[in-house]
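K.L.:
Requesting a structural model of the entry that follows:
(chains A and B)
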Amino acid sequence: MSPGGSKRASEREDFLSLSPRIRVIPVVHASGDFAQEARDRLLRLEPDCLAVPLPPSFEESVEAGVEALPRVSLAAAREEEGAWSREWEREDEEEESGEGEGEEDAPDLPAFNYVPVDPCQAVVAALRTAMGERIPRAWVDLEVAAYDPESHLLPDPYALKKVPLDAFAAALLPASPPPAPGSQREARVRWMASRLRALERDHKKIAFLCHALDWPWVRQAYLTNLPAPEEEASPPRVRLYEVEAGTLAFLLGELPFVTSLYERRREELRGDRHLSLDGVKELLLEARAAWLAEHNPVHNWVTPQRLQVFLQYVRNLTLQTRRLTPDLFTLVVAAKQCAGDAFALCLAETARKYPYQDPPPQSPPYEGGEGKGPARRSGRQDFDSPPDQGGGRGGEEEGAWNAVRMGIGKAEFPEGDVGGMKNRLGGSPVSWRNISLKPKPRPFEKRKWAQRWDPYGMCSWPPEDTKIESFHTHVREQAKALLGEDLARTEKFTVSIKDGLDMRETLRNWHTGDLYVKEIPPARGSVEVVVFLFESPADPDKYSWRTMWYAEHEEESTLCMYATPFEGNMVGPGIAESQYGGAFFLFPPRHLPDVWRDPRLAFTETLEERLIAGACLHSREKSVALVSPRPPLARWRQIARVLKRHLIYLPLGRFSGETIARVRRFHVLNGRHVRSYAARFIREM
Amino acid sequence: MHLDAKDAARAVEVQGVTLHLSQPTDPSQEWIGQREVLRQLQACWLVVAEEDLPLAPRIVGPPGIGKTTLAMAAARERGQELYIFQCTADTRPEDLLVTPVLSEGGKIAYHASPLVTAMLRGGVCVLDEGNRMSEKSWASLAPLLDHRRYVESIVAGITVGARDEFRCCVTMNEDASTYEVPDYILSRLQPTLEVEFPQREDELAILQYHLPFAPAEMLALTVDFLQEAHALDLDYSPRDGLHILQYALKRMAQDPKHPLGQDEAWRESLVKVLGDEALDLRGLARRRRQALGEELPPMDFGDYLFGGESPLNPGRDR
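P.N.:
Numbers count the residues shown, from 1 in each chain, chains lettered A, B, ... in the order given. Alright, predicted model coming up:
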């Protein structure tokens, strides 16, 4: 390094130093990238004390939570009654002035402030490292009766991969709002500065982890030697709670799946530098594997090319919101738009997976026993009784397992109490945006619906009828066009180009200079029956439901099909899902004897043969269209010949596999009344 | 070949062949509401580096919901010329690319389609109702929709490359046949952007925008009807609402001496535009309630994560 470079580096070091003994590590909370940065900086710095921006009341429970990692927990302190008042007063003022939107029911909720013990939190990562390296920890934030959270939009932490931490922190300086005079934030900043001064007496090298927007003001308070504020409150009682795995997405800074990848890399001692982006790619592959396992589509349309489009689209959507890494909403929306609802669902569910939280433990990692945490408050205000006394959750029996269900700004405690939650380590503000995506029903719902099924009332779902009718009409037209192709005539061009230039004939007669055109006359004969074989050979065990469906009106065909049994696959009340294995459509519709019981067709051996034989037997036209993934077998042609019919083969592959997969899936409704609401439950593929 | 000044401005020479360009469409339509889908379309067309390529999305949704308007609005936001090509089942590759026509003096002139014009001028092309087009026509677009970004006109014997600013999207009706669009084309028409029915305020604003002279009560009546229909999953679109209003207003203005009452005109218009069944939305809603009983219909993601009645469900109060 050049002398100039070393000078600049030293200036940078000074920039983040409060004194020769105190080095600041400014962080953005709820970010895996900052968690890495905090860990790495701490290991490089080798301090003799780590100061964290949390009050001492959280020490015991948070450290117990850190010990229990990778199981994620939450250390929460219940605030006293009316703790929300100041905040809500402020919001009322905002509402009056036409700003902000307050939640109407929040003032009635008991309030909690909490620390998510999340491995992708810089504070937690630093504590974890310090505990591992046996570095003493100091908890330097002010105890408050009611925590006033402040959230600010901050740059995407992934910028750290290109920008050093000091440059990142410097860039934030102009956007860092000073604490309002008399505000809690001002008191906290001054308190932290005074605590650092005290720590300096006992330690030579202190690493101080601080929010990226607070540290300039802590520095100012430290340098100007502002007096410490009066202690506002007695330390609250902090308890450690288990968090329900399904709701971790609302607690963790990163996606639960990505968080689990960080943990796995930690276990395997592998690098995790770009995991906030590479994790998304891994999530994508995992979601695709889950989608393939669940739906087993004959045609896999989530190809590498589709994934490339997906990633490109996600990148663009993310850049439009001025971020560098995508959020769950963007990922799910893009998955829905690139690969369909089913894939988007698989992706959403995979993103929520955090295997370290399952199965539920036999015993809690830590029980917030009476006086355990607050006992350290010597020299500070005493408290008379635990603040959660008589408040629903607080006095629960010792040893009871505390699992919290997290939501956005709220949480449901094990006994059903709901609390307003204020995150002490909050990242960028979170908002709920709904996605029009119908999730899978839960097993108990499926069982309930199956029990109520009336076997005597079944009908189809008209939009799917329209879809398959439209498809079969299209195929019939194609088959008719093939019939006419043999009759095509070529003639010399005179006045009309007719059905197009016949290039072959024109080239053959190139020396004459004449043009030749093609004429395709209307076909003689027609196609009445179209046979679809979606899978061949068809497994009789898989396609055990064989039936005839008769037209409800003149525009509908008579349908004979074999399909997967619907009974085990309920998707809504009175709505079951099935999949065609093969079917024939007869149009115009008329009544036919049941092909599956017709003794005249007893000579057939497979499902396909019976279907083709039934189609040939009942077709009044000579030609029967056959759409199949493979050319007709000799045996099928023989059956057609015996029944004096001719098969017109159309390969299934000429139609879009994605479309075929969607057309094959259909729903059986338990009575016509179900049609009025079926759309609410029927999911797109 | 001699071209006058006006024609010359709309003609370019490509590999020695003079192509007469199409006229752009005026993208003056306003896009009201649903900013998210407009943002998504703009995201598809965003490029971040020279090597980066824009995506060609499919815009889907029921007829009359504003798919083409969305594309027009996006083109206007980008400040680019807009070209719309109406696809039909009879569209042939030469129609899509370059069409030879007999000009004065018995010579052949080559006319560039709106698509090729957009490619040459760096504009936006909307392939409207793309699902109706045959595989053969789609096949001619395959190289345009991937990294190659060119088309080959057999008729004119030229290869036309697209300018970097060229953007493309396809609108498709879900109700019509899409079976002719093969996989290799569908995979190039990604992602699929779905336009949904508008919210009440947006729907009212849409009707007001198109019919600023319509009385407020009739606008409210129409929006109420459309919203009720959307809630029942019926495919009545804002375009249907416009037709209802237009016909009702015309009926009322028909005889200035004995104008028809607003309600009467509106009801008549409803039946004429949408048929008798549109009159009985209430009955349909009632039957649906009876059928569902006390069963709460799911489901969105909030219901799934928390259960419909959970106090944590952010969508509970919607």
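K.L.:
low-confidence ranges in the stretch 151-300 of chain B?
P.N.:
The stretch 151-300 of chain B contains residues with pLDDT under 70 at B:174-180, B:259-260, B:285-300.
K.L.:
Tell me where it has helices.
P.N.:
Secondary structure of the stretch 151-300 of chain B (DSSP state H, counting those that start in this stretch): helices at B:183-186, B:200-210, B:216-231, B:238-254, B:262-274, B:281-292.
K.L.:
Between those helices, which one is closest to chain A.
P.N.:
Distance to chain A, taken as C-beta to the nearest C-beta, is lowest for helix B:281-292 among these, at 3.7 Å. All C-beta atoms are positioned from the backbone trio N, CA, C, and that covers glycine.
K.L.:
Dump the helices of the stretch 151-300 of chain B to TSV, plus distance to chain A and mean neighbour count.
P.N.:
As requested, those are arranged in TSV below (distance: least, C-beta to the nearest C-beta, whole Å; neighbours: other C-beta atoms under 10 Å in any protein chain shown):
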stretch	distance to chain A	mean neighbour count
helix B:183-186	5	18
helix B:200-210	16	18
helix B:216-231	11	18
helix B:238-254	18	19
helix B:262-274	17	17
helix B:281-292	4	14
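K.L.:
got those helices as a markdown table, with distance to residue A:25 columns?
P.N.:
Converted to a markdown table, the helices of the stretch 151-300 of chain B look like this (distance: least, C-beta to C-beta, whole Å):
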| stretch | distance to residue A:25 |
| --- | --- |
| helix B:183-186 | 50 |
| helix B:200-210 | 47 |
| helix B:216-231 | 53 |
| helix B:238-254 | 55 |
| helix B:262-274 | 66 |
| helix B:281-292 | 57 |
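K.L.:
What is the longest strand along chain A packed up against?
P.N.:
In terms of residue count, the longest strand belonging to chain A (DSSP state E) is strand A:575-586. Counting by 3 or more C-beta pairs under 8 Å, 6 or more residues apart in numbering or on different chains; DSSP states H and E, the packing neighbours recorded for strand A:575-586 are helix A:462-485, strand A:527-533, strand A:558-563, strand A:570-572, helix A:607-618, strand A:665-669.
K.L.:
Give me the mean pLDDT for that strand.
P.N.:
Averaged across strand A:575-586, the pLDDT comes to 91.
K.L.:
which neighbours does that strand have in its sheet, and in what orientation?
P.N.:
strand A:527-533 (antiparallel), strand A:558-563 (antiparallel), strand A:570-572 (antiparallel), strand A:665-669 (antiparallel) (DSSP bridges).
K.L.:
For the second one, give me every contacting residue.
P.N.:
Strand A:558-563 is touched from outside by A:538, A:543, A:545-551, A:578-587, A:589-592, A:595-596, A:607, A:611, A:614-615, A:666, with contacts defined as C-beta atoms under 8 Å, 6 or more residues apart in numbering or on different chains.
K.L.:
swap in the shortest one?
P.N.:
Contacting residues not belonging to strand A:570-572 are listed as A:441, A:445-446, A:449-450, A:453, A:576-577, A:667, A:678, A:680-683 [C-beta under 8 Å, 6+ apart].
K.L.:
Just the ones in helices from the residues you listed, please.
P.N.:
Cross-referencing the contacts of strand A:570-572 against helices under DSSP state H gives A:445, A:446, A:449, A:450.
K.L.:
can you redo those residues as a markdown table with distance to residue A:20 and neighbour count?
P.N.:
As requested, the ones in helices among the contacts of strand A:570-572 are exported to a markdown table (distance: C-beta to C-beta, whole Å; neighbours: other C-beta atoms under 10 Å in any protein chain shown):
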| residue | distance to residue A:20 | neighbour count |
| --- | --- | --- |
| A:445 | 65 | 16 |
| A:446 | 67 | 17 |
| A:449 | 71 | 20 |
| A:450 | 73 | 13 |
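K.L.:
quick revisit: among the contacts of strand A:558-563, which ones are buried?
P.N.:
A:538, A:543, A:545-546, A:548-549, A:551, A:578-587, A:589, A:592, A:595-596, A:607, A:611, A:614-615, A:666 (16 or more other C-beta atoms under 10 Å in any protein chain shown).
K.L.:
Run through the residues that contact the residue in chain A that chain B sits nearest to.
P.N.:
Across chain A, the shortest distance to chain B (C-beta to the nearest C-beta) belongs to residue A:407, at 3.1 Å. With contact set as C-beta under 8 Å, 6+ apart, residue A:407 has these partners: A:247, A:250, B:306, B:310, B:311, B:312, B:313, B:314.
K.L.:
Repeat that for residue A:28.
P.N.:
A:34, A:122, A:154, A:155, A:157, A:211, A:212, A:427.
K.L.:
Most neighbours among those residues, which one?
P.N.:
Using other C-beta atoms under 10 Å in any protein chain shown as the neighbour criterion, residue A:122 leads the contacts of residue A:28 with 32 neighbours.
K.L.:
in what helix or strand does the residue in chain B that chain A sits nearest to lie?
P.N.:
Nearest to chain A, among the residues of chain B, is residue B:312, at 3.1 Å (C-beta to the nearest C-beta). Assigned by DSSP states H and E, residue B:312 belongs to neither a helix nor a strand.
K.L.:
Just give the number of residues close to it.
P.N.:
20.
K.L.:
Just give the closest residue to it, not the sequence neighbours.
P.N.:
residue A:407 (3.1 Å; C-beta to C-beta, 6 or more residues apart in numbering or on different chains).
K.L.:
I'd like the secondary structure assignment at residue A:659, please.
P.N.:
The assignment at residue A:659 comes out as helix when based on DSSP: H, G, I helix; E, B strand; the rest coil.
K.L.:
The contacts of residue A:28 in strands, which ones?
P.N.:
Short answer: the contacts of residue A:28 in strands (DSSP E) are residue A:211.
K.L.:
The lengthiest strand in chain B pairs with which strands, parallel or anti?
P.N.:
For chain B, the longest strand by residue count, based on DSSP E, is strand B:167-173. According to DSSP bridges, strand B:167-173 has the following sheet partners: strand B:58-61 (parallel), strand B:124-128 (parallel).
K.L.:
and the most far-flung residue of chain B relative to its centre, how far is that from residue A:299?
P.N.:
Using C-alpha atoms, centre = their mean, the residue of chain B lying farthest from its centre is residue B:257. It sits 40.6 Å away. From residue B:257 across to residue A:299, the span is 66 Å (C-beta to C-beta, to the nearest Å).
K.L.:
count of residues packed around residue A:671?
P.N.:
So residue A:671, with other C-beta under 10 Å, has 13 neighbours.
K.L.:
check contacts around it.
P.N.:
So residue A:671 contacts A:454, A:457, A:458, A:459, A:574 (C-beta under 8 Å, 6+ apart).
K.L.:
Tell me the confidence at the third one?
P.N.:
Read that as residue A:458. Reported pLDDT for residue A:458: 83.
K.L.:
ok now do it, which residues does it touch?
P.N.:
Going by C-beta under 8 Å, 6+ apart, the list of residues near residue A:458 reads A:668, A:669, A:670, A:671.
K.L.:
repeat for the last one
P.N.:
If you count contacts by C-beta under 8 Å, 6+ apart, residue A:574 has them with A:449, A:452, A:453, A:669, A:670, A:671, A:674.
K.L.:
who in the stretch 1-150 of chain B is up against chain A?
P.N.:
B:39, B:40, B:42, B:43, B:44, B:46, B:48, B:52, B:55, B:57, B:92, B:135 (C-beta under 8 Å from any C-beta of the partner chain).
K.L.:
Dump these to JSON lines, plus neighbour count.
P.N.:
JSON lines is the format used below for the residues of the stretch 1-150 of chain B next to chain A (neighbours: other C-beta atoms under 10 Å in any protein chain shown):
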{"residue": "B:39", "neighbour count": "14"}
{"residue": "B:40", "neighbour count": "25"}
{"residue": "B:42", "neighbour count": "17"}
{"residue": "B:43", "neighbour count": "25"}
{"residue": "B:44", "neighbour count": "25"}
{"residue": "B:46", "neighbour count": "19"}
{"residue": "B:48", "neighbour count": "10"}
{"residue": "B:52", "neighbour count": "12"}
{"residue": "B:55", "neighbour count": "23"}
{"residue": "B:57", "neighbour count": "26"}
{"residue": "B:92", "neighbour count": "16"}
{"residue": "B:135", "neighbour count": "15"}
